[in-house]
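Peer 1: Dropping a prediction and its sequence here:
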Amino acid sequence: MCLLSITENGLIPKDYRSLKTQYLQSYGPEHLLTFSNLRRAGLLTEQAPGDTLTAVESKVSKLVTDKAAGKITDAFSSLAKRSNFRAISKKLNLIPRVDGEYDLKVPRDMAYVFSGAYVPLSCRVIEQVLERRSWQGLDEVVRLLNCSELAFAGLTKEDKASSESLRLILVVFLGGCTFSEISALRFLGREKGYRFIFLTTAITNSARLMEAMSEVKA
């Protein structure tokens with residue numbers, strides 16, 4: 001549910017309510033706290049009301065029955081939503097096109113950490129910044145990621161001379177990172193000649209995240 005919410009800029013309200021009800025009935029009302037924390041963290045949200053295609057709904061409702069119109073307009077409403085994830089994914093090629101079977105023994109790119117299906121967003125951004133040595137050309141990505149403040153320190157001549165031989169990169173993750181991200185960047189390091197040092201507040205995964213979301217927040 002969280003992945004769907006993130007990639008679609010929130011769930012359609014009726015789908016959110018239905019899934020939430022079914023989950024609470026299956027796993028208990030104590031998870032009301034979990035849903036509240038997930039919402040506060042922005043991981044599981046509803047799409048804002050009033051964002052549907054009202055003009056389309058009006059026209060469709062005149063042509064078909066109410067029941068059918070509801071289904072069709074719901075579909076249109078879903079398609080009308082512009083997902084930031086889809087735009088970012090296309091811009092950064094997070095879901096590479098694979099011809100044939102992906103051989104994990106001979107990885108082609110950072111997507112190998114997810115069997116060739118997906119490149120972690122953080123890793124692709126780091127790769128792009130290192131290649132460009134700045135955020136130049138990534139304005140659209142920055143906008144889609146809702147980043148308000150970015151800074152990139154230019155290299156002096158002395159820094160450039162030493163960086164060519166050392167190419168030591170410190171990557172800082174605030175809030176935690178996954179082993180997949182670390183593995184992907186290590187692959188990038190081997191391919192491009194970087195040596196990454198990781199500084200993170202935690203090593204996390206889906207189970208640890210959900211456990212944290214079930215805890216009472218002060």
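Peer 2: Alright, I've got the coordinates.

Peer 1: Low-confidence ranges, the protein, go.
Peer 2: Within the chain, the stretches with pLDDT under 70 are 49-82, 148-166, 216-218.

Peer 1: And the strands in it?
Peer 2: Using DSSP state E, the strands of the chain run over 168-173, 195-200.

Peer 1: Hey, what's the angle from the last one to strand 168-173? Just curious.
Peer 2: Angle, strand 195-200 to strand 168-173, by axes from the mean of the first three to the mean of the last three Cα atoms, to 10 degrees: 20 degrees.

Peer 1: Which positions within strand 195-200 qualify as buried?
Peer 2: residue 200 (16 or more other Cβ atoms under 10 Å). To be clear about C-beta, it is placed using only N, CA and C from the backbone, and glycine gets the same treatment.

Peer 1: Could you export it as CSV, CA atoms only?
Peer 2: Extracted in CSV, the C-alpha atoms of strand 195-200 (Å, rounded to 0.1, in the frame of the first residue of the first chain):
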residue,chain,number,x,y,z
ARG,A,195,35.6,4.6,-3.4
PHE,A,196,32.5,5.3,-1.3
ILE,A,197,32.4,5.8,2.4
PHE,A,198,28.9,5.6,3.9
LEU,A,199,27.7,7.6,6.9
THR,A,200,24.1,6.8,7.9
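
Peer 1: just to revisit the earlier point, mind putting the strands of the chain in CSV, distance to residue 33 included?
Peer 2: Below are the strands of the chain laid out as CSV (distance: least, Cβ to Cβ, whole Å):
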stretch, distance to residue 33
strand 168-173, 26
strand 195-200, 26
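
Peer 1: Specify the stretch among those strands that is closest to residue 110.
Peer 2: Closest approach to residue 110 among the strands of the chain is made by strand 195-200 (12.2 Å; Cβ to Cβ).

Peer 1: Tell me how the protein divides into domains.
Peer 2: 2-81, 87-208 (automatic domain parsing).

Peer 1: Out of these, flag the one nearest residue 214.
Peer 2: Closest among those, using Cβ to Cβ: domain 2-81, at 4.9 Å.
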